[in-house]
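Engineer: Provided below are the primary sequence and the corresponding predicted coordinates.
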Amino acid sequence: MDPVAMGFLASLAAGLMTGVGALPVLFGYTISRRLNDGLLGFAAGVMLAASFFSLIIPGIELAEQQYEQTEIAAAIGVLGVALGAGFVAVLNEWVPHEHFIQGPQGPNSKGLAKIWLFVFAITIHNLPEGLAVGVGFGTGNMANGVSLATGIGLQNAAEGLAVAAALLSCGYSKSYSVAIATYTGLVEPVSGLLGAYAVSLSQLLLPWALIFAAGAMIYVISHEIIPETHSHGFENDATFGLTIGLMVMMFLDISLG
């Protein structure tokens with residue numbers, strides 16, 4: 001199958017896992033704050049491992065092959081991470097949104113319903129994940145794309161349950177909480193399609209796109225997930241979850257890639 005189509009379908013599947021993970025809430029299952037922080041820690045660990053093993057390292061290797069100079073490859077690595085992190089930082093600055101713990105961020109948001117602020121926050125979070133999957137398949141390396149999609153899908157399931165449970169605790173109904181969690185995952189096939197299509201246009205974009213996606217995810221991990229999981233006194237559980245997530249993604253990348 002065409003790598004662009006594969007990138008779209010794989011990022012769609014990974015995005016829908018957010019809704020799959022949220023389904024237990026529909027049947028009355030709730031999670032403790034402790035488990036919530038552990039699940040988000042797992043998601044952070046998967047994203048962290050994917051950033052390095054599936055994106056930054058392959059991106060630098062591709063740059064070395066293209067330019068045959070280690071210094072240029074290193075510079076692309078540094079600039080790519082900076083651009084990716086900067087892109088999400090700009091979105092955080094210009095898009096009104098609200099985190100469950102950190103509160104409102106971005107420009108004045110008084111005219112928007114609170115639920116939309118939550119949706120925008122989770123959407124900003126999910127954009128780099130879909131981009132990573134799309135770029136992974138856009139390289140033509142199906143094994144790398146599969147490992148990325150599998151890892152991102154697993155962390156989306158954990159994240160979906162955490163998000164739906166948090167929405168439920170804010171007073172929203174079960175069905176509404178699950179629906180919102182599902183909808184936020186649907187941004188991933190959009191960014192996945194854009195990423196896969198972009199790198200299909202030119203091989204020179206491949207290392208930049210891979211490292212850009214990694215930088216964007218690293219920003220999300222540091223700016224959003226870790227502060228969220230370390231705000232309730234369950235830092236050990238969050239760190240344990242992060243470690244497990246990192247090991248799972250590392251295993252997937254080595255065994256599948």
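Structural biologist: Good, I have the coordinates.
Engineer: mind checking how far the helix or strand where Ala179 lies is from the chain centre?
Structural biologist: Using DSSP states H and E, the element containing Ala179 is helix 174-185. For helix 174-185, the distance from its own C-alpha centre to the chain's C-alpha centre is 17 Å (Cα atoms, centre = their mean, to the nearest Å).
Engineer: against Asp37, how distant is the residue nearest to Ala213 when sequence neighbours are not counted?
Structural biologist: Nearest residue to Ala213 in three dimensions, chain neighbours excluded: Ala132, at 4.1 Å (Cβ to Cβ, 6 or more residues apart in numbering). C-beta here means a position set from N, CA and C on the backbone, and glycine is covered the same way. From Ala132 over to Asp37 the distance is 23 Å, taken as Cβ to Cβ, to the nearest Å.
Engineer: these two: who's more crowded?
Structural biologist: The neighbour count for Ala132 versus Asp37, taken as other Cβ atoms under 10 Å, is higher for Ala132 (33 against 27).
Engineer: what are the buried residues along the helix or strand encompassing that one?
Structural biologist: Assigned by DSSP H and E, Ala132 belongs to helix 114-138. Buried positions in helix 114-138, judged by neighbour count with 16 or more other Cβ atoms under 10 Å: 116-138.
Engineer: whatever helix or strand comes next after it vs helix 174-185, what angle?
Structural biologist: For helix 114-138, the succeeding helix or strand toward the C-terminus, using DSSP H and E, is helix 142-169. Per axes from the mean of the first three to the mean of the last three Cα atoms, to 10 degrees, the angle that helix 142-169 makes with helix 174-185 is 150 degrees.
Engineer: what mean pLDDT would you report for helix 142-169?
Structural biologist: Here helix 142-169 scores 87 as its mean pLDDT.
Engineer: buried ones in that helix?
Structural biologist: So, applying 16+ other Cβ under 10 Å, buried residues of helix 142-169: 142, 144-168.
Engineer: what helices or strands is it leaning on?
Structural biologist: helix 3-26, helix 33-49, helix 114-138, helix 174-185, helix 235-256 (3 or more Cβ pairs under 8 Å, 6 or more residues apart in numbering; DSSP states H and E).
Engineer: between those helices, which one is nearest to Ala198?
Structural biologist: helix 114-138 (7.2 Å; Cβ to Cβ).
Engineer: output the contacting helices and strands for that closest one.
Structural biologist: Here helix 114-138 touches helix 3-26, helix 70-94, strand 97-99, helix 142-169, helix 174-185, helix 187-201, helix 205-220, going by 3+ Cβ pairs under 8 Å, 6+ apart.
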